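1. Below is the sequence, then the predicted model.
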Amino acid sequence: MIHFIALIIGIAANAKAMSPASSAAGIAPRASIVGFGNIEGEGLGLSLITRRSVRDERRSGTTATANPNSERLLNQRTDLLFDYRVLSRTTVILDVPHVYNSATSNAAARQSANALGDLALYAKHSFYQDRLFKPTRQLSALAGVKLPTGSTTIKNDAGTRLDATLQPGSGTTDFIVGAAAYWGLSRANLYGDATYKYNTRAAYTFGNSIGVNAGVTVPIERLTWLSLTTEANLEAAERDKSIEVLPTLLPGGLVRDTGGQTLYLTPGVQVRPVPNLTLSFSVQLPVYQNLNGTQLSSGPNLNLGVFTRIGG
């Protein structure tokens, strides 16, 4: 999950030559849940968020293992988000993602996909806020739907369709529910959210997932344009399912080397160079990983954000 001040609101050409694609992908760079937190204000909000993730170390459960084929997975997801308050307590958010996935190995040529991902539409409704306009304390419910607009048929140079974990789209209509909180204090702001994503069935179905995030923003008293942030981010996913024949298929159609839990500690900074513009940078540091089967584990993730509001 990725969080910022304006929005804490998302492999193989030769399968026999590499480890199974699901193993190479780890917890796949799917159309991820984007977190929700303090998104509020008049006018149209615009957010551009980029998350860059590299996986190049293998892990079985909580134990590091060898990576003999030097497998490496790069995922870079950029989300353009539009938010608009349609009622006094209800905000709608449109997420337009772009996805770049690249997988490399000593045993096979590089495989990559570079295209728009699955569009998503969310609604956030505040059932408690301390005041009607510019609330400083807020509790909200949220719900969303992710549509199968991203491609699932991209091919490599040999004309073979890329594995599902590399495609920019999931091919399914998925549903998200959750809750978010924002609590302003005299010298800090607390925020958090919890979301559950249910994926409908396809030939290859990514596992349902949960995201839980909690953070604090501390403005620097003598530098009013600067704030420090710290977050804890938990990402947990069930095993993927497939009706296709895969070498790592378990009974019941579960894909062995998929799913697991990762906990990140995420320090960051926010800079406000001019009014109505916020820049954000943070680094997600994995402090605990417990992966199903043997997968590429997460390294540090880099998050960048730019936020503004028009007419607010």
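-> Received the coordinates, thanks. Residues are numbered from 1 along each chain as shown.

2. How many residues are close by the closest residue in space to Thr136 that isn't next to it in sequence?
-> Spatial nearest neighbour of Thr136, chain neighbours left out: Gly184 (3.6 Å); criterion: Cβ to Cβ, 6 or more residues apart in numbering. Quick note: C-beta positions are derived from backbone N, CA and C, even for glycine. Neighbours of Gly184 under the rule other Cβ atoms under 10 Å: 15.

3. Can you read off the pLDDT for Gly184?
-> We note a pLDDT of 88 for Gly184 in this prediction.

4. again, but for Lys134
-> Lys134 carries a pLDDT value of 76.

5. Ramachandran angles for it?
-> Main-chain dihedrals, Lys134, degrees, to the nearest 10: phi 50, psi 60.

6. same check, this time on Gly252
-> Note on Gly252: its backbone torsions stand at phi 90, psi 10 [degrees, to the nearest 10].

7. Let me know how buried it is, in neighbour terms.
-> The tally of other residues near Gly252 (other Cβ under 10 Å) stands at 7.

8. Look up how far Asp56 lies from it.
-> The spacing between Gly252 and Asp56, counted by Cβ to Cβ, to the nearest Å, is 31 Å.

9. So what pairs up with the residue nearest to Val177 when sequence neighbours are not counted in the strands?
-> Excluding the flanking residues, the one nearest Val177 by Cβ to Cβ, 6+ apart is Ala143, at 5.2 Å. For Ala143, the beta-bridge partners are Ala123, Val177 (DSSP bridges).

10. neighbours around Ala143, how many?
-> Ala143 has 14 neighbouring residues, counting by other Cβ under 10 Å.

11. do the same with Asp130
-> When neighbours are defined as other Cβ under 10 Å, Asp130 has 11 of them.

12. pretty sure it contacts Leu139?
-> No - between Asp130 and Leu139 there is no contact under Cβ atoms under 8 Å: 10.1 Å.

13. Now Arg309: which helix or strand?
-> Using DSSP states H and E, Arg309 maps to strand 301-310.

14. Please apply the same query to Gly171.
-> Using DSSP H and E, Gly171 is not contained in any helix or strand.

15. pLDDT score assigned to it?
-> Listed pLDDT for Gly171 reads 92.

16. Surely the residue nearest to Thr136 touches Gln129?
-> No - the criterion here is Cβ under 8 Å, and Gly184 misses it with Gln129 at 11.0 Å.

17. Could you tell me which residues touch both of the two?
-> Common contact partners of Gly184 and Gln129 (Cβ atoms under 8 Å, 6 or more residues apart in numbering): Arg137.

18. Check Arg161 and give its pLDDT.
-> pLDDT for Arg161: 89.

19. residues contacting it?
-> Residues near Arg161 by Cβ under 8 Å, 6+ apart: Thr153, Ile154, Lys155.

20. Contact partners for the residue nearest to Thr136?
-> Shown in contact with Gly184 (Cβ under 8 Å, 6+ apart): Thr136, Arg137, Leu190.

21. Could you give the bridge partners of it?
-> Beta-bridge partners for Gly184, by DSSP bridges, are Asn189.

22. repeat for Leu46
-> Counting by DSSP bridges, Leu46 forms beta bridges with Phe82, Thr308.

23. Likewise for Ser242?
-> Assessed by DSSP bridges, Ser242 has beta-bridge partners Tyr204.

24. which parts of the helix or strand where Arg51 lies are buried?
-> Using DSSP H and E, Arg51 maps to strand 44-55. Going by neighbour count (16 or more other Cβ atoms under 10 Å), the buried part of strand 44-55 is Gly45, Leu46, Ser47, Ile49, Arg51, Ser53, Val54, Arg55.

25. immediately after it, which helix or strand?
-> Heading C-terminal from strand 44-55 (DSSP H and E), you reach strand 57-61.

26. What strands line up against that next one, and which way round?
-> Strand 57-61 has the following strand partners under DSSP bridges: strand 63-65 (antiparallel), strand 277-297 (antiparallel).

27. CA atoms only: put it into PDB for me.
-> Extracted in PDB, the C-alpha atoms of strand 57-61 (Å, rounded to 0.1, in the frame of the first residue of the first chain):
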ATOM      1  CA  GLU A  57      16.500 -12.600  -3.900                       C
ATOM      2  CA  ARG A  58      14.700 -15.900  -3.400                       C
ATOM      3  CA  ARG A  59      13.000 -17.000  -0.200                       C
ATOM      4  CA  SER A  60      11.200 -20.000   1.000                       C
ATOM      5  CA  GLY A  61       8.900 -19.200   3.900                       C
END
